[in-house]
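[1] Sequence first, predicted coordinates after that:
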Amino acid sequence: MFKYVIRRLLIAIPVLLGVTVINFIIMKMAPGNPVDMLISPQTPAAALEAKRIELGLDAPAYVQYWSWFTHLLRGDLGYSMVTYEPVGRMIFDRLGPTLLLMGTSLIIGVAIAIPLGILSARRQYSKLDYAAVTGSFLGISIPNFFLGLGLIYVFSLWLKILPSSGMSTLGGGGGFVDILLHLIMPVIVLTANVAGRNIRYVRSSMLEILEQDYLRTARAKGLKETLVINRHAVRNALIPIVTVLGMEIPILFGGAVVIEQIFSWPGIGQLTMSSIMSRDYSTIMGLNLLAAVIVILANLLTDIAYALVDPRIKYSK
């Protein structure tokens, strides 16, 4: 297993390199630059050119990329072209709130989807099954921004029981209860999406397993139904589900961009949007690199989870 992980990480290096090159090309093709966003249109052309030279934007594109890449090899993501803060520190400061939001949503979503999908499959065509499938389609179909705005209207403007934005109350202590209250609505939005997607996958996987001959044999031997389901059915049903759950991490990371904007959550998503709007090249490159690393790590964790769920899978060679 250890050799397999090392080999996958080595393969990931050229992938990450390719991602940074493609991201840089796309970024340079987009209209506008940091100088246009920083300085008033009435600024003299000489001042604009001086600012471009100061930021290194006058150099050819390949020179700019090489300069960024050589700094990356030294563990330096550069400085923001807008705030002049170290990009690494900016990302690190925003990573905690995003991980809190994503981790909570993923745990709750999976905790809802797996048992509800199993019950739905075991009681196929029952009222519970119809309710679970309907809830699943609603969770997938309702756009995150629409559900988020609806929750703000109901719980913040109408009922006035939950804060509408931020991670803590301005001027407050920022304690556990305060953060929890701010976390409720964005977590509901992301959890609805996670649970909605995965209920259907768990249900379909369980329905396929429940028709297998070895389950009939287990029942014929006199095993209790709970033992048949938990020991034989669920574990085998989890094998295809692991793939879907592994991709939830990058999907959540992308969904957090919208949710963090709606709820003014001070995480990676909000930083991404502000960097794009201000054409902050160095910060955008750092965030794109982080997103690529998350996708690669999610795929690696999925492969490891395969071996844990299915003993037949070996990565020793």
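    Perfect, thanks for sending it.
[2] C-alpha only now, for contacts and for neighbours.
    OK.
[3] ok, Leu245 to Gly88 distance?
    Leu245 sits 28 Å away from Gly88, going by C-alpha to C-alpha, to the nearest Å.
[4] so where is the stretch 201-317 of the chain shaky, pLDDT-wise?
    Residue ranges of the stretch 201-317 of the chain with pLDDT under 70: 311-317.
[5] all helices for it, in order.
    Taking DSSP state H, counting those that start in this stretch as the test, the helices found in the stretch 201-317 of the chain are 213-220, 225-227, 234-246, 248-262, 268-277, 281-309.
[6] Now find how far off-centre the shortest one is within its chain.
    Between the mean C-alpha location of helix 225-227 and the chain-wide mean there is a distance of 35 Å, by C-alpha atoms, centre = their mean, to the nearest Å.
[7] same question, the fourth one
    Shown here is helix 248-262, whose average C-alpha point lies 5 Å from the average C-alpha point of the whole chain (C-alpha atoms, centre = their mean).
[8] buried residues in it?
    Across helix 248-262, burial judged by 16 or more other C-alpha atoms under 10 Å covers 248-250, 252-253, 255-262.
[9] will you turn these into TSV that also has distance to Gly117?
    Output for the buried residues of helix 248-262, formatted as TSV (distance: C-alpha to C-alpha, whole Å):
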residue	distance to Gly117
Glu248	17
Ile249	20
Pro250	22
Leu252	20
Phe253	24
Gly255	23
Ala256	25
Val257	28
Val258	27
Ile259	26
Glu260	29
Gln261	31
Ile262	30
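[10] Just give me the closest of the residues you listed to Val21.
    Val21 has its nearest neighbour among those in Pro250, at 20.1 Å by C-alpha to C-alpha.
[11] Surely that closest one touches Ile294?
    Yes: look at Pro250 against Ile294 with C-alpha atoms under 8 Å: they come within range, at 6.6 Å.
[12] What is the neighbour count of the nearest residue to Thr98 once chain neighbours are set aside?
    Nearest non-adjacent residue to Thr98, counting by C-alpha to C-alpha, 6 or more residues apart in numbering: Gly267, 4.8 Å away. If you count neighbours by other C-alpha atoms under 10 Å, Gly267 ends up with 26.
[13] repeat for the one 5 residues further on
    Here the number of neighbours of Thr272 (other C-alpha under 10 Å) works out to 20.
[14] Kindly report the same for the one 4 residues further on.
    For Ile276, the count of nearby residues is 14 (other C-alpha under 10 Å).
[15] Can you tell me the closest non-neighbouring residue to it?
    Computed as C-alpha to C-alpha, 6+ apart, the closest residue to Ile276 that is not its neighbour in sequence is Ile284, at 6.8 Å.
[16] what's near enough to touch the one you found?
    Contacts for Ile284 (C-alpha atoms under 8 Å, 6 or more residues apart in numbering) come out as Thr272, Ser275, Ile276.
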